[in-house]
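**Student:** no sequence on hand, only this structure:
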């Protein structure tokens, strides 16, 4: 029987195995960092869109609630 796992267990090749696992951890952390940055960017963009929509809605409501004509009081 010959294989990498076999070598780690029966031939004491632990250093190679640890380095392999550390490299996998490093790559996973890097990919996670990139994904997290993309998620944060998407959240910020969505937040900006919501704020613009809220401002537009508030302005629309304030315009529709203000009277177009006013009546003068009799003197």
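**Tutor:** Thanks, I have it. Here the structure is a predicted model, which is why all the values come from computation and not from measurement.
**Student:** ranking helices and strands of this structure by mean pLDDT, which lands last?
**Tutor:** Each helix and strand of the chain was given a mean pLDDT (mean pLDDT, DSSP states H and E); the minimum falls on helix 4-10 at a mean of 83.
**Student:** buried sites along it?
**Tutor:** Across helix 4-10, burial judged by 16 or more other CB atoms under 10 Å covers residue 8. Just so you know, the C-beta spots here come from the backbone N, C-alpha and C atoms, and that holds for glycine as well.
**Student:** next structured bit after that helix?
**Tutor:** helix 14-65 (DSSP states H and E).
**Student:** give the other helices and strands that that next one contacts.
**Tutor:** Helices and strands touching helix 14-65, by 3 or more CB pairs under 8 Å, 6 or more residues apart in numbering; DSSP states H and E, are helix 4-10.
**Student:** about what we covered before: chain center to the least confident helix or strand of the chain: distance?
**Tutor:** Relative to its chain's centre, helix 4-10 lies at 40 Å (CA atoms, centre = their mean, to the nearest Å).
**Student:** and stretch 13-33, by the same measure?
**Tutor:** Taking the mean of its C-alpha atoms, stretch 13-33 sits 24 Å from the chain's own mean (CA atoms, centre = their mean).
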